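Engineer: Build me a model from this:
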Amino acid sequence: QAYTEGVESPLPPLQIQYADFASWQRNWLKDEKLGSLLDYWVKQLEGAPPVLELPNDHQRPASRSYNGAKQSVMLPQSLTDELKRLSREQGVTLFMVLAAAFKVVLYRYSGQPDIVIGTPSANRNQAEIEELIGFFVNPLVLRTDLSETRIFRALLGKIRETVIDACTHQDLPFEKLVEELQPERDASRTPLFQVMLAQQKPLMPELESAGVCFRPLEVDTTTAKFDLTLNFAEADQELRLTLEYSTDLFEAATIKRMQGHFETILQNVLAQPDLSLNEIEMLTEDEKEQKIFQKRER
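Structural biologist: Residues are numbered from 1 along each chain as shown. The predicted structure is shown next:
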């Protein structure tokens, strides 16, 4: 508005620039501090499975092409409200509830109880950089051994502990962690994790200024950074879930089925949070009817 009217910007001058942060980070991440962060992450990921083996529709290519697509689904407000209620009751965030349910899906699909996923951290934990334009995002690794926690309610507590600890140690750059762990490199997969969960800011409403209307547009990039990425954001009191996936590995029908399984698991843990992870119903109503029909046919 100020620019269109030809007046000075009302925004206060920035205290620092991005280069100042980069310089501070280099000087801060040395010796004892760097060693403490590395010790935590090395211990956290000791013995972690290098690969999450999900059932693919296609054989994994020798080298990743980054070809991808995405599918979105809106959870109704009633289900969103219930998820928030469960979050409050259990003393966890909405992200933690969705992370727990997503890990159950990955466990049931892969059969692997030790589930490792990534999540992007905003990494703006200094007041001086809150208003600074620049890329501060740092991937964090979230590891949970579901064999140690067989009840969903208990899994929420485990996820809460994992997320808080990871955020407490978020200052270690991901590339430093990879450099330290030296995982076996594979051109067909990303190191440490192949699946990501990301919470996005609420979708921005339309804005109007000086006769110009601004509204967010969804861009289909037809790429996938990982095998799977589940993004979620609130929009008009509903949750929008978007699965970005590698088309080298998965068909659209498989991703749609996975979204249905994820929503079914959410509904069931809301109704019975003390269910065993193996007892949580995953099949949709259509899949149940199809299963019954197939039994009758036999």
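Engineer: Quick one: low-confidence residue ranges for the stretch 151-298 of the chain.
Structural biologist: In the predicted model of the stretch 151-298 of the chain, residues 291-298 satisfy pLDDT under 70.
Engineer: how about the strands of it, start to end?
Structural biologist: With DSSP state E, counting those that start in this stretch, the ranges of strands along the stretch 151-298 of the chain come out as 195-199, 207-209, 212-214, 228-235, 238-246.
Engineer: outside of the longest one, which residues touch it?
Structural biologist: In this case it means strand 238-246. The contact list for strand 238-246, computed with CB atoms under 8 Å, 6 or more residues apart in numbering, reads 64, 66-77, 79-80, 83, 203, 224-234, 255, 258-259, 262-263. (C-beta placed from N, C-alpha, C; glycine too.)
Engineer: Would you mind listing which of the residues you listed are buried?
Structural biologist: For the contacts of strand 238-246, a burial check counting by 16 or more other CB atoms under 10 Å picks out 64, 68-70, 75, 79-80, 83, 224, 226-234, 255, 258-259, 262-263.
Engineer: you'd agree Trp41 is up against Asp171?
Structural biologist: No - using CB atoms under 8 Å, Trp41 is not in contact with Asp171, being 10.9 Å away.
Engineer: Contacts only, for the closest residue in space to Ser246 that isn't next to it in sequence.
Structural biologist: What sits nearest to Ser246 in space, not counting adjacent residues and going by CB to CB, 6 or more residues apart in numbering, is Ala224, at 4.4 Å. The neighbourhood of Ala224, defined by CB under 8 Å, 6+ apart, consists of 66-70, 244-247.
Engineer: Tell me the spacing between Glu8 and Gln1.
Structural biologist: Glu8 is 12 Å from Gln1, where distance means CB to CB, to the nearest Å.
Engineer: can you check Phe250 too?
Structural biologist: 45 Å.
Engineer: Neighbour count for the two, which is higher?
Structural biologist: Set Phe250 next to Gln1 and count neighbours by other CB atoms under 10 Å: Phe250 wins out with 22 against 10.
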